[in-house]
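In: please find the sequence and the predicted model below.
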Amino acid sequence: MRTRAQVEKNERLFREVNERIREIAERLALAGGPAEEVSFMCECASTDCTDRIELSLDDYGRVRSDPAWFVVAPGHELPEFERVVERADAFTIVEKQLLSGAPGTAAS
């Protein structure tokens, strides 16, 4: 069974990786490179997950607009820790209900 600390640690790690991916993709777009769809890491709680999620920089920016929102591969939701905000074919946006100190979550 996953603990709250394990879930938060893994989600934050994947978020940090995706923020670096976003920065590089934005630089490439500014330089005239392709930026239609970007391959991001699934931000689920599974330490074994290596799934990639294709979404636009605009969609990823929308996910980041709320500090409690994360993007996960379809089927990677954890109902005991999060609620689904939006479902798309290639990704699901979830709101984490346990992030320590995140505004608008149950733990804040």
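Out: Perfect, I can see it now. Numbers count the residues shown, from 1 in each chain.
In: so which helix or strand of this structure has the lowest pLDDT on average?
Out: helix 4-30 (a mean of 85; mean pLDDT, DSSP states H and E).
In: can you tell me which residues contact the closest residue to residue 83 other than its chain neighbours?
Out: Nearest residue to residue 83, sequence neighbours excluded (CB to CB, 6 or more residues apart in numbering): residue 95, at 5.2 Å. C-beta: built from backbone N, CA, C; applies to glycine. Going by CB atoms under 8 Å, 6 or more residues apart in numbering, residue 95 touches 66, 68-70, 82-83, 85, 105.
In: run me through the strand neighbours of whichever strand or helix holds residue 95, direction for each.
Out: Applying DSSP states H and E as the criterion places residue 95 in strand 92-96. According to DSSP bridges, strand 92-96 forms sheet pairs with strand 69-72 (antiparallel), strand 82-87 (antiparallel).
In: looking at those, which is buried most?
Out: Of all the strands paired with strand 92-96, strand 69-72 has the most neighbours on average by mean count of other CB atoms under 10 Å, namely a mean of 25.
In: for the record, mean pLDDT for that strand?
Out: Mean pLDDT, strand 69-72: 94.
In: who's in contact with it?
Out: For strand 69-72, contacts defined as CB under 8 Å, 6+ apart pick out 11, 14-15, 18, 40, 42-44, 53, 55, 60, 63, 82, 85, 91-96.
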